[in-house]
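Colleague: From the sequence below, what's the structure:
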Amino acid sequence: MSLAWLGFVPVLLCASWQTENNADKFPLRMDSVIGVLEDMESHLEGTPDLPVIELFREIGCKSEFCQLSPLPATPASLNLPYLSEKQRSFLRHLQNHKSNGSWVEYGAVLTPDGTTVALSPLLGGIAGGLKRRQEGAVPAPPWLKDPVNNTQAELCPKMDSLLAPLATDLAVAFSLYHAGQASVLLGPNGCWDNISAPHTFTLLSPPSPLSDAVINGAMDGVILGTYLAKNASSPSSISNLLNEYYAGEGLAGDNRTRSNFRRRNFADLVSEGKLREQLESSLCLLRHLHSSHPLLNGTGHKDVASLVVQAVEEFTAQYVECPAIIPRCMWEAQPYRGTPTQLQLPLSFVYIHHTHRPRKPCRTFPECAADMRSMQHFHQVVRGWDDIGYSFVVGGDGYIYQGRGWQWVGAHTLGHNSKGYGVSFIGDYMEVLPDGFALELVKDNFLQCAARGSRLKANYTVYGHRQVVPTLCPGDRLFQEIKTWTGFKERCFMKQGIRHCV
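Modeller: Residues are numbered from 1 along each chain as shown. Sure, this is the predicted structure:
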């Protein structure tokens, strides 16, 4: 069985013994973390910054490399004596982010938007924002101390406290790959054993040193840390900040500054040039921390410069320019019925659809996941198809949802299913357009990403469903919109001796 086939199987490990063993544990959800923070804040009144900094040191900042990252000064560890044993057990489970030989990833939690974040880089970015707030207008020293001799030698440029968690993780990941100690550069995503009460997160393919969960956490840390640095009096607590960002209406009530839009918001805050600069600083520090370690032995300045360029290009292409795709296991897809047929990539076409029913775009992960299950049920049970017909579905929550995916022939455009991907917007778009961000997600991210990843040919063609099948799909208004997209072409045919073009 190929690894790609796993995309069709929800990785749900809900055996009864797991349920029993996990009954007395907090589920690995963001609201569990927020609950612990609220208890810490109630015991540390008058010190709103200290709880999250202490939580960061307790959960994730254990390594020598991490301890040298710029963080606010704090008292000696409080050891969190006021927390219950159940809460301390929960935190111990989240310590020292890692993945094991069975592809289980530790140190991550499920967020309300259906994505997974590692806590260490998230809390590190928030701590960095608090550090920047403390510094105010006073510039930080431009150089780090030599960690070996503890001198002020001008060895490494100072790391930005906000970008330090992401930059250091990137430095380690690409150094391991460069040294041949990792077979994968970045990723992957994974699946929870249970969406309602998650306890085990299993990766969908072999782990890299920098998983999707780590990158999600680091991006969120940059976004939240920046907000804290710029808004000294808001919010009243970090637990409120996390609630607003993950489960509320966004920071300061702005719906677009929620976790659903982390990739776009991160791109607005961090340029490729800035990320390269911070990665150079991190690699410099890594070399001095591990002067006798084989990670970077034999690499000169040109090699390091090349590594930095490669790292930033790979990261930007995969996690900034490409859209986030919610895998089948997260919307709790039923298994494919039968044996799927593999597509012959790269493909030449993308066929744009609307669902018509559901008529309204979903706005949250639970709504979108329910719509996906409803459509799959209709396609499998009512129409008798093997699976949901679409290759991908665009939600109104800022995410694309995996249908049959990149590898398998769909059932979306009769007579053309093996020639292209079927991409459908949830909703009825006869008279109105999808939200602008949903259109941009497909036009500016999905199509370019698919072409760059050799899934679509560079000269791909975009068609509306109605151009190849007698139908009103994808709706009059949406069809007028896609006529303006790069790759759109009229399709002409002869009917009763007359040439027609649509």
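Colleague: Please tell me how far residue 105 sits from residue 206.
Modeller: Separation of residue 105 from residue 206 (Cβ to Cβ, to the nearest Å) stands at 12 Å. In short, each C-beta sits where N, CA and C put it, glycine included.
Colleague: higher neighbour count, these two?
Modeller: Each of residue 105 and residue 206 has its neighbours counted (other Cβ atoms under 10 Å); residue 105 has more, 22 against 13.
Colleague: The more buried one pairs with what?
Modeller: Per DSSP bridges, the residues bridged to residue 105 are residue 99, residue 201.
Colleague: show me what contacts it?
Modeller: Contact analysis of residue 105 by Cβ atoms under 8 Å, 6 or more residues apart in numbering lists 97, 98, 99, 118, 190, 201, 202, 203, 207, 211, 213.
Colleague: ok, now with 10 Å
Modeller: Contact analysis of residue 105 by Cβ atoms under 10 Å, 6 or more residues apart in numbering lists 97-99, 116, 118, 188, 190, 200-203, 207, 211-214.
Colleague: neighbour-wise, which of the residues you listed leads?
Modeller: Each of these was scored for neighbours by other Cβ under 10 Å, and residue 118 scores highest at 32 neighbours.
Colleague: Show me what it is bridged to.
Modeller: Beta-bridge partners of residue 118, as defined by DSSP bridges: residue 108.
Colleague: Find me the pLDDT at it, would you?
Modeller: At residue 118, the predicted lDDT confidence score is 94.
Colleague: and what of the one 3 residues further on?
Modeller: At residue 121, the pLDDT value in this model is 90.
Colleague: That one touches residue 215, doesn't it?
Modeller: Yes - in this structure, residue 121 is within contact of residue 215 by Cβ atoms under 10 Å, at 8.1 Å.
Colleague: Tabulate the CA atom coordinates of stretch 195-212 in PDB.
Modeller: What follows is stretch 195-212, C-alpha atoms only, in PDB (Å, rounded to 0.1, in the frame of the first residue of the first chain):
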ATOM      1  CA  ILE A 195     -11.500  15.400  17.100                       C
ATOM      2  CA  SER A 196     -13.700  16.000  20.200                       C
ATOM      3  CA  ALA A 197     -11.200  14.600  22.700                       C
ATOM      4  CA  PRO A 198      -7.800  14.600  21.100                       C
ATOM      5  CA  HIS A 199      -5.000  12.700  22.800                       C
ATOM      6  CA  THR A 200      -2.700  11.300  20.100                       C
ATOM      7  CA  PHE A 201      -1.400  13.200  17.000                       C
ATOM      8  CA  THR A 202       0.000  10.900  14.300                       C
ATOM      9  CA  LEU A 203       1.900  12.300  11.300                       C
ATOM     10  CA  LEU A 204       0.700  11.500   7.800                       C
ATOM     11  CA  SER A 205       4.200  10.700   6.500                       C
ATOM     12  CA  PRO A 206       7.800  10.500   7.800                       C
ATOM     13  CA  PRO A 207       8.600  13.400  10.100                       C
ATOM     14  CA  SER A 208      11.100  16.200   9.400                       C
ATOM     15  CA  PRO A 209      12.800  18.200  12.100                       C
ATOM     16  CA  LEU A 210      10.200  20.900  11.500                       C
ATOM     17  CA  SER A 211       6.600  19.700  11.200                       C
ATOM     18  CA  ASP A 212       3.500  21.600  10.200                       C
END
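Colleague: intersection of neighbour lists for residue 121 and residue 215?
Modeller: Joint contacts of residue 121 and residue 215 (Cβ under 10 Å, 6+ apart) are 166, 169.
Colleague: and residue 449, what is it in contact with?
Modeller: Counting by Cβ under 10 Å, 6+ apart, residue 449 touches 317, 318, 321, 322, 323, 325, 455, 456.
Colleague: Distance check, the first one against residue 282.
Modeller: Pointing back at residue 317 there. Going from residue 317 to residue 282 by Cβ to Cβ gives 20 Å.
Colleague: Next: residue 267.
Modeller: Noted for residue 267: a distance of 20 Å to residue 282, by Cβ to Cβ.
Colleague: where does the stretch 1-150 of the chain have low pLDDT?
Modeller: The stretch 1-150 of the chain contains residues with pLDDT under 70 at 1-23, 46, 48, 60-79, 96, 100, 136-150.
Colleague: Could you do the chain as well?
Modeller: Judged by pLDDT under 70, the chain has its weakly predicted residues at 1-23, 46, 48, 60-79, 96, 100, 136-155, 234, 289-302, 493-501.
Colleague: and the most centrally placed residue in it, what element?
Modeller: In the chain, the residue lying closest to the centroid (Cα atoms, centre = their mean) is residue 216, at 4.6 Å. Element membership of residue 216, judged by DSSP states H and E, is helix 212-230.
Colleague: what's the next helix or strand after that helix packed up against?
Modeller: Remark: after helix 212-230, the chain's next helix or strand is helix 238-246, criterion DSSP H and E. Judged by 3 or more Cβ pairs under 10 Å, 6 or more residues apart in numbering; DSSP states H and E, the packing partners of helix 238-246 are helix 30-43, helix 50-59, helix 119-135, helix 212-230.
Colleague: All good on my end, thank you.
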